[in-house]
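Q: quick one, what's the 3D model for this:
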Amino acid sequence: VSQINIIAHSKGGLDTQAALLHYGAAPYVNVVHQLSTPNRGSELADMAYSDWTSWLAEILGKKDDAVYSLQTSYMANFRTQTDSKPGVSATKTYMSGGEGDDGWFTAYWFAHAVLPGEDDGAVSVASALGLPYGIKSFTKDISHSAMTTASQTWSLVQPKLALGKTAA
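A: Below you'll find the model as predicted:
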């Protein structure tokens, strides 16, 4: 095939943007559909590297280079470098976000207490829909982990994949 469609979850959406705009992958991609991508960073990543809550991130095994790069200040810098590149709108990019959790006393349930506004327990909806040249696709009452479940999202994603670069 000459082009592919990409459905990217969480940091995968950011990695896709980097590939498209910094590494020349755009000619090979028809449509990108982001699922809960922290386009503006994640306040949970900020907490993982703060003085008062970093111990919690280490216990949960969530303190690594990937989480470090999702801090809101790091992502503001990424947005500055990426969003000013020519061709940012060349690949149609849809955004979606979750507004739920996995039930009482789960990790995503606890995250609702610290994230601003609506969120999926890992990424705020404002961040997920925060790509300046992206197109809002949907929000749904599901958690960050449930966003990857095809039975939860495929019917909302699939119709957009056929649209591509030439569609309105």
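Q: which residues of this protein fall in helices?
A: In order along the chain, the chain carries the following helices (DSSP state H): 11-22, 43-48, 54-60, 65-69, 72-83, 107-111, 125-128, 150-161.
Q: and the fifth one, what does it pack against?
A: If I follow you right, that is helix 72-83. Helix 72-83 is packed against helix 11-22, helix 43-48, helix 65-69, with contacts defined by 3 or more C-beta pairs under 8 Å, 6 or more residues apart in numbering; DSSP states H and E. For the C-beta atoms, the positions are set from N, CA and C on the backbone; glycine is no exception.
Q: give me the most central residue, the protein.
A: Central residue of the chain (C-alpha atoms, centre = their mean): T37, 0.2 Å from the mean position.
Q: quick one: the closest residue to that residue other than its chain neighbours from S36, how far?
A: Among residues not flanking T37 along the chain, G13 sits closest, at 2.8 Å (C-beta to C-beta, 6 or more residues apart in numbering). To S36, G13 is 8 Å away according to C-beta to C-beta, to the nearest Å.
Q: ditto for K92
A: Separation of K92 from S36 (C-beta to C-beta) stands at 19 Å.
Q: neighbour count for those two, which is higher?
A: Counted by other C-beta atoms under 10 Å, K92 and S36 do not tie: S36 has more neighbours, with 35 against 22.
Q: ok, now which ones touch that one?
A: Residues near S36 by C-beta atoms under 8 Å, 6 or more residues apart in numbering: H9, S10, S96, G97, G98, D120, A122, V123, A128, H144, M147.
Q: now with 10 Å?
A: S36 makes contact with 8-13, 42, 95-98, 119-125, 127-128, 139-140, 142-148, 153, according to C-beta atoms under 10 Å, 6 or more residues apart in numbering.
Q: pLDDT at the residue lying farthest from the centre of the chain, what is it?
A: Computed with C-alpha atoms, centre = their mean, the maximum C-alpha offset from the centroid of the chain is found at V1, amounting to 26.2 Å. Listed pLDDT for V1 reads 84.
Q: cool, the one 3 residues further on as well?
A: Looking at I4, its pLDDT is 95.
Q: apart from its neighbours in sequence, what residue is nearest it?
A: Closest to I4 by C-beta to C-beta, 6+ apart is V29, at 6.0 Å.
Q: I figured the one you found was touching G87, is that so?
A: No. Counting by C-beta atoms under 10 Å, V29 stays clear of G87, with 11.5 Å between them.
Q: need the overlap of contacts for these two.
A: Joint contacts of V29 and G87 (C-beta under 10 Å, 6+ apart) are L20.
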